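[1] please work out how this folds:
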Amino acid sequence: MRTRTILYATLIVTALCSGCYAVINSQDSEPVTATFSIVAYDVETREWGVAVASKVLAVGYIVPWAQAGVGAVATQAMVNVSFGPEGVALLEEGHSAEDALDELLSADEGCEERQIGIVDVNGIPAAFTGTETLAWSGHVIGDHYTVQGNILTGEDVLVEMERAYVDTEGPLARRLVEALKAGEAAGGDSRGKESAAVFVVKENGGYQGVDDRLVDIRVDDHAEPVAELARIYDMWEVHFVLPIYLDSNGVKEQEYVYGIVERAIGEGGDNAELHNAMAWELAVRKLYPDEALEMALRANELAPDDPNIMDTVAEAYYAAGEYGNAVEWERKALAIDPENAFFNEQLGKFEEALAGR
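    Numbers count the residues shown, from 1 in each chain. Got it, this is the predicted structure:
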């Protein structure tokens, strides 16, 4: 059962210049990053992430920090940006989220103007909202996540963010984005909208596995930043998250695969190339063979003369163990493109499988 804590401070809001990107403290010239954010950990996929939105330019450049196998940090309000890299460094040294938070605050004379959320390597959260942050401000702590915000329209922003995060199914990044959408719908930053970001790390989760950045999307200046972030994430999920999950041995990642494919197909409508691409990715890995075959045949209906789609249908039949049908469909592809070396290799593979039955 998750725990829930709400802390808030009711303070007089200073006069804000209409259209300003940030409020500047005249004493220390630190920008107020008025924002709502969520920091979270997916225990089953071992992913750490931060999602954030604000009425400041390029909030994704300031607030979110994360390192795979270490943890994640969101630093905001009268922002001390060093809390990001220093917080991650403390977590990497083995500090818990609470210990890291205490050390950061103890070294900062202006800590009562700050707001910070941390989730450590074990997914244990910690958060702080200073007594001198601008109203409405506060945070919510739950199982493996913390939600925080300042200069918000009210407590409902955090309540709705938490609800959306907990109720949404799917990859961590999708749940984070849904939390932002809910926070904005509840009122969000009381000054308006400008930027949003989502950052999720997973060991070897980057493009082609060369780094750990599974999701790294920033909308730096937009009339509807959260909606734009969500639009880009839908595409990112198919092009970049799906391949990582497809090649993962994780049970939860494989479970998420079908949801991603189903969403992509539903949004793709009568797009033969999309149906073909999704069917191929599943078939070559022998995942969800019935669904892969259904998508491949639908692609063929939409583009009946495409030999590459016929090859995908053949591969889908092969994945389903129907070797005779695989041979038949590969021969259809070769009738259109008889010199295609790959198609000929495929036919040989299918005929060998059929002969060995």
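
[2] where do the helices sit along this protein?
    Read by DSSP state H, the chain holds these helices, from start to end of the chain: 83-92, 97-106, 156-167, 172-185, 225-236, 242-246, 251-268, 272-284, 289-302, 307-319, 323-336, 341-355.

[3] tell me which of those helices lies nearest to residue 129.
    helix 156-167 (10.4 Å; Cβ to Cβ). (C-beta placed from N, C-alpha, C; glycine too.)

[4] how big is the angle separating that closest one from helix 172-185?
    Angle of helix 156-167 versus helix 172-185, following axes from the mean of the first three to the mean of the last three Cα atoms, to 10 degrees, is 150 degrees.

[5] dump helix 156-167 to PDB, restricted to CA.
    Provided in PDB are the C-alpha atoms of helix 156-167 (Å, rounded to 0.1, in the frame of the first residue of the first chain):
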ATOM      1  CA  ASP A 156      -5.300  19.400  -7.500                       C
ATOM      2  CA  VAL A 157      -2.400  19.500  -9.900                       C
ATOM      3  CA  LEU A 158      -0.300  17.100  -7.800                       C
ATOM      4  CA  VAL A 159      -3.300  15.000  -6.900                       C
ATOM      5  CA  GLU A 160      -4.300  14.500 -10.500                       C
ATOM      6  CA  MET A 161      -0.700  13.800 -11.600                       C
ATOM      7  CA  GLU A 162      -0.400  11.100  -8.900                       C
ATOM      8  CA  ARG A 163      -3.700   9.600 -10.000                       C
ATOM      9  CA  ALA A 164      -2.800   9.500 -13.700                       C
ATOM     10  CA  TYR A 165       0.600   8.000 -13.000                       C
ATOM     11  CA  VAL A 166      -0.800   5.200 -10.800                       C
ATOM     12  CA  ASP A 167      -3.700   4.500 -13.100                       C
END
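
[6] all further residue positions should be reported with the first residue as 17.
    Got it, the first residue is 17 from now on, which makes the last one we talked about helix 172-183.

[7] need the contact list for residue 262.
    Listed by Cβ atoms under 8 Å, 6 or more residues apart in numbering, the contact partners of residue 262 are 273, 297-298, 301, 303.

[8] quick revisit: comparing the helices of the chain by mean pLDDT, which bottoms out?
    The stretch with the lowest average pLDDT out of those is helix 267-284, scoring a mean of 87.

[9] so what touches that helix?
    Applying Cβ under 8 Å, 6+ apart, the set of residues contacting helix 267-284 from outside is 58, 60-61, 185-187, 250, 253-254, 257-258, 260-262, 264, 290-291, 294, 297-298, 303-304, 307, 311.

[10] one more: stretch 286-306?
    Applying Cβ under 8 Å, 6+ apart, the external contacts of stretch 286-306 come out as 258-259, 262-263, 270, 273-274, 277, 280-281, 284, 307-309, 311-312, 314-315, 318-319, 322, 324-325, 328-329, 331-332, 334-337.
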